[in-house]
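Q: have a look at this prediction, sequence included:
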Amino acid sequence: MQSKHIVVHGRVQSVFFRAAAEEEARRLGVGGWVRNRDDGTVEMVVEGEDDAVEQMVAWAREGSSQARVSGVDVTDTEPQGHRTFEQT
């Protein structure tokens, strides 16, 4: 089990990024959350099995079909026991 804190830069708000992230997270079976930040980035915490979390990080580097990701910051975090994934 691992946990990652992800901040996605670029055109990632108002392009269904959060909804697409929630759909992908549920497909992969990871827990956590996603939200817009005031600075125009999108922030996520993703936790679960190593392979699934790494797949979610890879997804974040591309984003939703309408997003234009220019950068992704990823840091390891302590798992908090998230069992579901939601938009906050």
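A: That came through fine. All figures in this text were calculated on a predicted structure; none of them were measured in a lab.
Q: three-state assignment of residue 35?
A: Going by DSSP: H, G, I helix; E, B strand; the rest coil, the secondary structure assigned to residue 35 is strand.
Q: can you pull the contacts of it?
A: 18, 42, 43, 44, 87, 88 (C-beta atoms under 8 Å, 6 or more residues apart in numbering). From N, CA and C alone the C-beta is placed, and that goes for glycine too.
Q: give me the beta-bridge partners of it?
A: residue 43 (DSSP bridges).
Q: now it: how far from residue 21?
A: 10 Å (C-beta to C-beta, to the nearest Å).
Q: before we move on, what about residue 28?
A: 11 Å.
Q: just the strands in the protein please.
A: 2-11, 31-36, 42-48, 68-77, 85-87 (DSSP state E).
Q: next, the residues that contact the first one from outside, please.
A: Read that as strand 2-11. The contact list for strand 2-11 (C-beta under 8 Å, 6+ apart) reads 17, 32, 37, 40-48, 50, 53, 56-57, 60, 63, 67-80.
Q: same question for the third one.
A: Strand 42-48 is contacted by residues 1-8, 12-13, 17-18, 21, 25, 28-37, 53, 56-57, 60, 77, 79-80, 82, 85 when judged by C-beta under 8 Å, 6+ apart.
Q: of those, buried ones?
A: Neighbour counting with 16 or more other C-beta atoms under 10 Å marks 2-4, 6-8, 12-13, 17-18, 21, 25, 28, 30-34, 36, 53, 56, 60, 82, 85 as buried within these.
Q: quick check: ChimeraX command selecting the buried ones in the contacts of residue 35.
A: Listed next is the ChimeraX selection for buried residues among the contacts of residue 35, using 16+ other C-beta under 10 Å:
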select :18,42,43,44
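Q: as JSON lines, the contacts of residue 35 with pLDDT would be great.
A: What follows is these, written out as JSON lines (pLDDT from 0 to 100):
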{"residue": "18", "pLDDT": "97"}
{"residue": "42", "pLDDT": "98"}
{"residue": "43", "pLDDT": "98"}
{"residue": "44", "pLDDT": "98"}
{"residue": "87", "pLDDT": "95"}
{"residue": "88", "pLDDT": "91"}
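Q: excluding residues flanking it in the chain, which one is nearest residue 49?
A: Leaving aside its chain neighbours, residue 49 sits nearest to residue 1 (6.8 Å; criterion: C-beta to C-beta, 6 or more residues apart in numbering).
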